[in-house]
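In: no sequence for this one, just the structure:
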């Protein structure tokens, strides 16, 4: 009988449900580490330990006590640092060094290398805790973001020095190192390029256009949908492939997933940021449906230091991931989704919240309840299915109230993610 291996999965997010399932198929006993009491992936793991994925020493202790064979995170930046830290301490396999994982999650370091290597990116200033924000020599409006935070936490658009002063303090408080990036605002379509680095060469697997809005008094940036393929020029697409490869070579990446965010204006492109990991949300599932490439399985191979052979196809269809947001409350359940799946209107629904979790409004991730995927032979069919789904799905709170944000969805085929 083959002895069962042990793996720690860092983070109980929805994509890690698929990660856990695939690890179990590979004969791993899976220990999930997540600070939440009931994260979406909890019920799929063999055991859940309620600790922070960013507490490196605690995760190291858990790994050592359980004599694990693997510590992995597929799509959480800060958890990737912990995974590589623990792997190095215990002599386990990993996709890249702890030093590289730590450096790349700092947007100041990332920007510095990109500028040095001629990778197109917006003009920026890197500010540490006590630096002066006056006279930055940047053109307003500017984007303010923590240098080392996850996702869109603390990211704001400032139109003048007064707003910059407020958002700088907010971003600094989100940052672990109290450091902030301020960069010039670049108007355009935002896209995510999902890549894999094979034999030192980055290849684009899929590109999606992100639809976003900035709303509320706190000016929270919310992505409400993605569309694949994006409405960009052939030249822009070619530039994305070239730049993704330059990033892989500039940062010494190989045999790893690579997620790069771009702003596109005509044929011009600018890199927002990147991470050597799988994209968030249900991009892994969209990639599998669209191209046939299993990027979660490839990530496990990457962590096990097994060479990945890239295989791609294109089914020619249009896909849209649609985020379901709720008004503030306590989540109970969704209605309408099972029928929509059975009727072929949606391909599947993926939960960000479990029953009893709070729905907030102070940041984008706090308001996300779930996401559903729509597939169409044409854009028109895709849009029609989205409208049908939005009309029939609802978010129900613990008191039986309907609290879905029906106003936040892909309303027409001409929308772009240029933030106004």
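Out: Received, thanks. Every value quoted in this text rests on a predicted model; they were computed, and no experiment measured them.

In: what comes up buried for the top helix by length along the chain?
Out: Determined from DSSP state H, the single longest helix within the chain is helix 234-250. In terms of neighbour count (16 or more other C-beta atoms under 10 Å), helix 234-250 has its buried residues at 236, 237, 239, 240, 243, 244, 245, 246, 247, 248. The C-beta positions use only the backbone N, C-alpha and C, and glycine is treated the same way.

In: any chance of those residues in JSON lines, with distance to residue 116 and pLDDT too?
Out: Shown next, in JSON lines, are the buried residues of helix 234-250 (distance: C-beta to C-beta, whole Å; pLDDT from 0 to 100):
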{"residue": "236", "distance to residue 116": "23", "pLDDT": "96"}
{"residue": "237", "distance to residue 116": "25", "pLDDT": "95"}
{"residue": "239", "distance to residue 116": "19", "pLDDT": "97"}
{"residue": "240", "distance to residue 116": "20", "pLDDT": "97"}
{"residue": "243", "distance to residue 116": "14", "pLDDT": "97"}
{"residue": "244", "distance to residue 116": "17", "pLDDT": "97"}
{"residue": "245", "distance to residue 116": "16", "pLDDT": "97"}
{"residue": "246", "distance to residue 116": "11", "pLDDT": "97"}
{"residue": "247", "distance to residue 116": "12", "pLDDT": "97"}
{"residue": "248", "distance to residue 116": "15", "pLDDT": "97"}
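
In: and those as TSV, adding distance to residue 190?
Out: Formatted as TSV, those follow (distance: C-beta to C-beta, whole Å):
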residue	distance to residue 190
236	12
237	15
239	15
240	12
243	15
244	16
245	21
246	20
247	17
248	21
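
In: Does the closest residue to residue 328 other than its chain neighbours lie in a helix or a strand, and which?
Out: Nearest residue to residue 328, sequence neighbours excluded (C-beta to C-beta, 6 or more residues apart in numbering): residue 361, at 5.4 Å. Following DSSP states H and E, there is no helix or strand that holds residue 361.

In: Quick check, pLDDT for residue 361.
Out: Among the per-residue scores, residue 361 holds a pLDDT of 77.

In: so it makes contact with residue 326?
Out: No. Contact criterion C-beta atoms under 8 Å: residue 361 and residue 326 do not qualify, at 9.2 Å.

In: Which residues are in contact with each of these two?
Out: Shared contacts of residue 361 and residue 326 (C-beta atoms under 8 Å, 6 or more residues apart in numbering): residue 367.

In: Looking at those two, which one has more neighbours?
Out: residue 326 (25 against 18; other C-beta atoms under 10 Å).

In: gap between stretch 36-53 and the chain center?
Out: 19 Å (C-alpha atoms, centre = their mean, to the nearest Å).

In: go on, stretch 32-45?
Out: Distance, stretch centre to chain centre, for stretch 32-45: 18 Å (C-alpha atoms, centre = their mean).

In: Can you tell me which helices and strands the helix or strand bottoming out on mean pLDDT in the chain packs against?
Out: Every helix and strand of the chain was ranked by mean pLDDT, DSSP states H and E. The lowest is helix 364-367, at a mean of 79. Applying 3 or more C-beta pairs under 8 Å, 6 or more residues apart in numbering; DSSP states H and E, one finds that helix 364-367 contacts strand 220-228, strand 358-359.

In: How about the following helix or strand past the longest helix of the chain, which residues are buried there?
Out: The helix or strand immediately downstream of helix 234-250 is strand 256-265, counting by DSSP H and E. Of all the residues in strand 256-265, those buried under the rule 16+ other C-beta under 10 Å are 256, 257, 258, 259, 260, 261, 262, 263, 264.

In: again, but for stretch 62-69
Out: Neighbour-count burial for stretch 62-69 [16+ other C-beta under 10 Å]: 62, 63, 68, 69.

In: Please, where are all the helices along the stretch 51-200 of the chain?
Out: Taking DSSP state H, counting those that start in this stretch as the criterion, the stretch 51-200 of the chain contains helices spanning 56-66, 77-90, 98-104, 107-116, 161-174.

In: of all those helices, which lies closest to residue 379?
Out: helix 77-90 (32.2 Å; C-beta to C-beta).

In: Would you quantify the distance from the residue positioned nearest the centre of the chain to residue 11?
Out: Nearest to the geometric centre of the chain sits residue 280, at 2.8 Å (C-alpha atoms, centre = their mean). Note on residue 280: its distance to residue 11, by C-beta to C-beta, to the nearest Å, is 11 Å.

In: show me the contacts for the nearest residue to the residue nearest to the centre of the chain once chain neighbours are set aside.
Out: Nearest residue to residue 280, sequence neighbours excluded (C-beta to C-beta, 6+ apart): residue 75, at 5.3 Å. Applying C-beta under 8 Å, 6+ apart to residue 75 gives the contacts 11, 13, 15, 16, 259, 277, 278, 279, 280, 284.

In: Please report phi then psi for residue 75.
Out: Phi and psi for residue 75, reported as degrees, to the nearest 10, are phi -150, psi 30.

In: what does residue 344 give?
Out: phi 80, psi 10.

In: What is the neighbour count of it?
Out: 9.

In: picking that back up, quick one, what contacts the residue nearest to the centre of the chain?
Out: By C-beta under 8 Å, 6+ apart, the contact set of residue 280 is 13, 15, 75, 151, 259.

In: Just give the number of residues close to the closest residue to residue 102 other than its chain neighbours.
Out: Leaving aside its sequence neighbours, residue 102 sits nearest to residue 81 (C-beta to C-beta, 6+ apart; 5.4 Å). Using other C-beta under 10 Å, the number of residues around residue 81 comes to 23.

In: Okay, now the unreliable bits of the chain?
Out: 1, 129-130, 149-152, 215-221, 362-364, 411-420 (pLDDT under 70).

In: rewinding a little: export the helices of the stretch 51-200 of the chain to CSV and tack on distance to residue 7?
Out: As requested, the helices of the stretch 51-200 of the chain are exported to CSV (distance: least, C-beta to C-beta, whole Å):
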stretch, distance to residue 7
helix 56-66, 10
helix 77-90, 10
helix 98-104, 18
helix 107-116, 29
helix 161-174, 30
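
In: I'd like to know which elements the longest helix of the chain is packed against.
Out: Against helix 234-250 (3+ C-beta pairs under 8 Å, 6+ apart) you get helix 107-116, strand 189-198, strand 201-215, strand 256-265, strand 268-275.

In: Mean neighbour count, the ones you listed: which tops it?
Out: strand 189-198 (a mean of 24; mean count of other C-beta atoms under 10 Å).
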